[in-house]
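In: Need a 3D model of the following:
(chains A, B, C and D)
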There are 2 protein chains.
Amino acid sequence: MVRPIDSARRAELLDQTMRYAAEHGIASLSLRPLAAALGTSSRMLVHYFGTKEELIGQALTAARPDIPALLSAHVQAGHTPAGMAQRLWRELTTGGEQEPRTRLLLEVMALALTQPGLYRQHAVDAVRAWLDPLSAALRAAGLTARDAHARATMLVSGLHGLALDRYLTGDRQRTDDAAHDLITAATKTT
Amino acid sequence: MVRPIDSARRAELLDQTMRYAAEHGIASLSLRPLAAALGTSSRMLVHYFGTKEELIGQALTAARPDIPALLSAHVQAGHTPAGMAQRLWRELTTGGEQEPRTRLLLEVMALALTQPGLYRQHAVDAVRAWLDPLSAALRAAGLTARDAHARATMLVSGLHGLALDRYLTGDRQRTDDAAHDLITAATKTT
DNA sequence: CCATACCTGTAGCGACTGGTACAGTAAACC
DNA sequence: GGTTTACTGTACCAGTCGCTACAGGTATGG
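Out: Below is the predicted model of the structure:
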């Protein structure tokens, strides 16, 4: 190894690719327009990542949110189910670092329906990343395994559906109200 | 008009196109493979529908479910909010006539995020088609306008999210449980 | 029968796709 | 300084895309 590979440049390109894909879509993504938007050439993208498929795969992996970090960042929310769900909803909607990733995730989930070979694993992983800690927290709050599973699913996938609605319609009030009611109902320990 | 246009053939092609798109995806749909699967030629598809965009648009319009018919078909469910929501969930999941349409709708909703010009109207229409009657039923059951809106949103978009989860993971038990809990919580008139 | 449309096959256009061959440059370690 | 490797530009390939020009076939109403 006389000259080390520029991994920093690769990471930067992956992040930019993720943002570009979130804005323009994965399905219709092609190398030349992407490269132009990133200030490079399709030749370079192929050099760095081998194939377009590999580029997208690595970008999706790099875009995976760090759930433990997100949960521990705001300690005041605690690890109560309601706090975690509110945190999830805020991540999905409040246009910060996570919103483009979420838009991307929703497209990946939809594309996985018809092209499971390319996207299914990414989509399932993303669902489980929120589902498992929420389910555990609900069990810790006293629910049975069945109920904890059902409530966690109701929260994670329900909020995904609400996020899709929100991105589509732009109706913040209605989706916020619905998310609030959903979280309240799902975390009630009655 | 010496020779009438073959509208029956067009309707048949639209239905077959919808099924093909639900299976293979809209985003990567191209005329030649589609035509081959339908036993015709890309030349004919263009002849009948003008452009690919128009073909997809008409197929999506033709795929729109007739909600009033779906609701009135099973009278025993009544028009109670819970009955309507259960009907919606069954339509989304029980692999009948509506399931390919629903898979298609989920992809359309996701694609509308990045290509609103093509798909946003279809997606928003599909959401409202279930949202409005559900909201009306919830108001009739005694909820305030705000609560009815929120609950209906929670049901429609929440169940969409659960359907996406179900299609992805294939986990019927977990998603059915979650849908049941969601419907129970959203239609409770406390 | 005839005229008028719709229908349908063949061939091809220009644009774009992902990926490559080839050449040259630049950086890092010995 | 020399050698090895990563980087990068140009040009291009075969394949696919949506769509069309052209021609011939076919059914229908008069």
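
In: tally of neighbours for the closest residue to chain B within chain A?
Out: Relative to chain B, the nearest point of chain A is residue A:161 (2.4 Å; C-beta to the nearest C-beta). Using the backbone N, CA and C atoms, a C-beta is placed for each residue, glycine as well. Using other C-beta atoms under 10 Å in any protein chain shown, the number of residues around residue A:161 comes to 31.

In: list the contacts for it?
Out: B:157, B:158, B:159, B:160, B:161, B:162, B:164 (C-beta atoms under 8 Å, 6 or more residues apart in numbering or on different chains).

In: swap the cut-off to 6 Å and go again
Out: B:157, B:158, B:160, B:161 (C-beta atoms under 6 Å, 6 or more residues apart in numbering or on different chains).

In: Of the residues you listed, which is the nearest to DNA strand D?
Out: For these, the minimum distance to DNA strand D (C-beta to the nearest atom of the strand) is 27.3 Å, reached by residue B:160.

In: Not counting residues beside it along the chain, what's closest to that closest one?
Out: The spatial neighbour of residue B:160 that comes closest, neighbours along the chain excluded (C-beta to C-beta, 6 or more residues apart in numbering or on different chains), is residue A:161 at 4.2 Å.

In: And for residue A:114?
Out: Take residue A:114 and drop its neighbours on the chain: the residue closest to it by C-beta to C-beta, 6+ apart is residue B:25, 3.4 Å away.

In: go on, residue A:184?
Out: Leaving aside its chain neighbours, residue A:184 sits nearest to residue A:82 (7.7 Å; criterion: C-beta to C-beta, 6+ apart).

In: Name the residues of the helix or strand harbouring residue A:154 that are buried.
Out: Following DSSP states H and E, one finds residue A:154 within helix A:145-169. Of all the residues in helix A:145-169, those buried under the rule 16 or more other C-beta atoms under 10 Å in any protein chain shown are A:147-169.

In: and if you look at stretch A:112-131?
Out: Neighbour-count burial for stretch A:112-131, counted by 16+ other C-beta under 10 Å, picks out A:112-115, A:118-120, A:122-124, A:126-127, A:129-131.

In: Is residue A:31 in contact with residue A:40, as I believe?
Out: No. Between residue A:31 and residue A:40 there is no contact under C-beta atoms under 6 Å: 10.1 Å.

In: Any figure for the gap between the residue of chain A closest to chain B and residue B:69?
Out: Plainly put, residue A:161 is 24 Å away from residue B:69 if you go by C-beta to C-beta, to the nearest Å.

In: same thing with residue A:172?
Out: Counting by C-beta to C-beta, the gap from residue A:172 to residue B:69 is 33 Å.
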